[in-house]
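Asker: based on what follows, work out the 3D shape:
(4 chains)
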Number of protein chains: 4
Amino acid sequence: MTEDHSSAGAAGPTLEGLRLRLGEFAAARNWQPFHTPKNLAAALSVEAGELLEIFQWLTPEQATAVMDDPDRAHRVRDEVADVLAYLLQFCSVLDVDPLAALAAKIERNEVRFPVE
Amino acid sequence: MTEDHSSAGAAGPTLEGLRLRLGEFAAARNWQPFHTPKNLAAALSVEAGELLEIFQWLTPEQATAVMDDPDRAHRVRDEVADVLAYLLQFCSVLDVDPLAALAAKIERNEVRFPVE
Amino acid sequence: MTEDHSSAGAAGPTLEGLRLRLGEFAAARNWQPFHTPKNLAAALSVEAGELLEIFQWLTPEQATAVMDDPDRAHRVRDEVADVLAYLLQFCSVLDVDPLAALAAKIERNEVRFPVE
Amino acid sequence: MTEDHSSAGAAGPTLEGLRLRLGEFAAARNWQPFHTPKNLAAALSVEAGELLEIFQWLTPEQATAVMDDPDRAHRVRDEVADVLAYLLQFCSVLDVDPLAALAAKIERNEVRFPVE
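Answerer: Next comes the predicted model:
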């Protein structure tokens, strides 16, 4: 039984499918020389800042209702996509498995922050 | 045919499994009141900065070899985990599907940046 | 002998003059309710990201020559201004003296990083 | 009539005095090769993130009272110092006058956001 890594199967795109598709996208445009670990870490930070920018002047109430405004909702999804795209490309160039990294971190945090 | 959303199946953790596990982790510690969209966007940006910090003074050559140093490699995986954790928790509280958002963005970028 | 805190004296604008002018600017537009310490810290971080964005794909050589390109030079000055503006406004709302804070930090760093 | 640029005169340190002192500090430790515009822009963004980190989980009320807690107050001053230090060093290597940049920006904003 094999996992389907295509990015748009019946069950929707997968993380691994999207990671591969981003690699092909960059390769087809000869962007790999720009995609150094340091540049991608910078780009990830820049995009995370753009996501935060949407919220910087909002009250907590406005922030919670941000997806009710179609323009803001589109911006949120767009910046989420950018953050995830640079995170996946960063992981690709350094051969880091983001899911394994997160699973390991959760296990460390379960020890660090025990439930009372 | 159902998808296995457990975070540590035979094929390794899945994004959806980790997202659910993060939600349970926060709920068990009563952290949800802190996990507003605005706070999570700020935390995501802070963690992306911590990932960039590892690289800020490195030469391109040092940055490319960052995973050869066990301490730096651990820090990289740790910060990747934190970025992904806050991205998933942000998406949870606003009901955003990060994979669908990225697939849609790649499609827009294929139109915006055609291959010559 | 008094110091001239006007922001555009013969010797050019002063930090204190600009800080006061930013306060008047915000007050005249009723922006103070938005200028909480947390919002201003977020805005500062967002603007620092926008400054970094100018450099994210540049080679070291291109980055060093960034002021030779009039458009990029304008963006650099514009983002420097935004970072300084939010830093000063942050300091105003929390009554922090940025010059005293930096002088104290340099003194600590002279102990922490002795010259060999 | 000359301006006193020493960083610790009777009237306290000046921005220009601190900028010069930071330059001497880096030169004495042979840090200039690391102080490229791109690295300094990254470091500035990282430090702005560390300032935001202090506030990320605080309520608006806790954020407003942040200077009442001596430990947090020290961290705030320390991160303000770091942000200002990297901003000044960035401006030094690119020969940008941050006060002139901010004065020009305020003038543009007075046109862009007229008082009603």
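
Asker: now A:L51: how far from chain C?
Answerer: Distance, A:L51 to chain C, by C-beta to the nearest C-beta, to the nearest Å: 9 Å. Quick note: C-beta positions are derived from backbone N, CA and C, even for glycine.

Asker: for A:E116, same thing?
Answerer: On the measure of C-beta to the nearest C-beta, A:E116 and chain C end up 28 Å apart.

Asker: quick one: name the residues of chain A near chain D.
Answerer: With C-beta under 8 Å from any C-beta of the partner chain as the criterion, chain A comes near chain D at residues A:A42, A:S45, A:V46, A:G49.

Asker: show me where chain A has its helices.
Answerer: Along chain A, counting by DSSP state H, helices occupy A:15-28, A:37-55, A:60-64, A:70-94, A:98-112.

Asker: circling back: what's the closest of the residues of chain A next to chain D to chain C?
Answerer: A:G49 (2.9 Å; C-beta to the nearest C-beta).

Asker: hmm, C:L44 and that closest one touching each other?
Answerer: No - between A:G49 and C:L44 there is no contact under C-beta atoms under 8 Å: 10.4 Å.

Asker: and the residue nearest to the spatial centre of chain A, what's its pLDDT?
Answerer: Closest to where the C-alpha atoms of chain A average out (C-alpha atoms, centre = their mean) is A:L84, at 1.5 Å. Looking at A:L84, its pLDDT stands at 98.

Asker: that one against B:A100, yeah?
Answerer: No - here A:L84 does not reach B:A100: they are 10.8 Å apart, not a contact under C-beta under 8 Å.

Asker: show residues contacting the helix or strand of chain A with the lowest mean pLDDT.
Answerer: In chain A, the helix or strand scored least confidently by mean pLDDT, DSSP states H and E is helix A:60-64, which has a mean of 93. Here helix A:60-64 makes contact (C-beta atoms under 8 Å, 6 or more residues apart in numbering or on different chains) with A:F55, B:T36, B:P37, B:K38.

Asker: can you list the residues you listed in JSON lines and add neighbour count?
Answerer: Supplementary listing: the contacts of helix A:60-64 in JSON lines, determined by neighbours: other C-beta atoms under 10 Å in any protein chain shown:
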{"residue": "A:F55", "neighbour count": "25"}
{"residue": "B:T36", "neighbour count": "18"}
{"residue": "B:P37", "neighbour count": "25"}
{"residue": "B:K38", "neighbour count": "23"}
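
Asker: could I get those as a markdown table with distance to chain C and pLDDT?
Answerer: Shown next, in a markdown table, are the contacts of helix A:60-64 (distance: C-beta to the nearest C-beta, whole Å; pLDDT from 0 to 100):
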| residue | distance to chain C | pLDDT |
| --- | --- | --- |
| A:F55 | 7 | 98 |
| B:T36 | 12 | 97 |
| B:P37 | 13 | 97 |
| B:K38 | 8 | 97 |
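
Asker: for the residues you listed, work out which two are farthest apart.
Answerer: A:F55 and B:T36 (9.1 Å; C-beta to C-beta).

Asker: how about the residues of chain A by chain C?
Answerer: Contact residues, chain A versus chain C (C-beta under 8 Å from any C-beta): A:34, A:39, A:42-43, A:45-46, A:48-50, A:52-53, A:55-57.

Asker: for these, which one is nearest A:A27?
Answerer: A:F34 (12.1 Å).

Asker: would you agree the closest one is in contact with C:T59?
Answerer: No - checked against C-beta under 8 Å, the pair A:F34 and C:T59 is beyond contact range at 9.1 Å.

Asker: is chain B contacted by stretch A:75-90?
Answerer: Yes - using C-beta under 8 Å from any C-beta, we find that stretch A:75-90 touches chain B at A:V76, A:R77, A:D78, A:V80, A:A81, A:D82, A:V83, A:L84, A:A85, A:L87, A:F90.

Asker: could you identify which of these has the most neighbours?
Answerer: Sorting the residues of stretch A:75-90 next to chain B by how many neighbours each has (other C-beta atoms under 10 Å in any protein chain shown) puts A:V83 first, at 31 neighbours.

Asker: correct me, but A:E79 touches A:E50?
Answerer: Yes - counting by C-beta under 8 Å, A:E79 does reach A:E50; the two are 5.1 Å apart.

Asker: low-confidence stretches in chain A?
Answerer: For chain A, the stretches with pLDDT under 70 are A:1-10.

Asker: can you rerun that using 80?
Answerer: Within chain A, the ranges that satisfy pLDDT under 80 run A:1-11.

Asker: distance of A:E47 relative to D:A41?
Answerer: 15 Å (C-beta to C-beta, to the nearest Å).

Asker: what does stretch A:24-43 rub up against?
Answerer: Contacts of stretch A:24-43 (C-beta under 8 Å, 6+ apart): A:86, A:89-90, A:93-94, B:48, B:51-52, B:54-55, B:58, B:60, B:63-64, B:66, B:106, B:109-110, B:113, B:115, C:52, C:55-57, D:42, D:45.

Asker: just the buried ones from those?
Answerer: For the contacts of stretch A:24-43, a burial check counting by 16 or more other C-beta atoms under 10 Å in any protein chain shown picks out A:86, A:89-90, A:93-94, B:48, B:51-52, B:54-55, B:58, B:63, B:66, B:106, B:109, C:52, C:55-57, D:42, D:45.

Asker: ok now the least confident helix or strand of chain A, how far from the chain's centre?
Answerer: Relative to the chain's own centre, helix A:60-64 is displaced by 23 Å; criterion: C-alpha atoms, centre = their mean, to the nearest Å.

Asker: how about the CA coordinates for that helix, as CSV?
Answerer: Below are the C-alpha coordinates for helix A:60-64, written out as CSV (Å, rounded to 0.1, in the frame of the first residue of the first chain):
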residue,chain,number,x,y,z
PRO,A,60,-9.0,40.9,19.4
GLU,A,61,-12.7,40.9,18.2
GLN,A,62,-11.7,42.1,14.7
ALA,A,63,-8.9,39.6,14.5
THR,A,64,-11.2,36.7,15.4
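
Asker: list the contacts for A:D82?
Answerer: Neighbour list for A:D82: A:E47, A:E50, A:L51, B:K105 [criterion: C-beta under 8 Å, 6+ apart].

Asker: of those residues, closest to chain C?
Answerer: A:E50 (7.1 Å).
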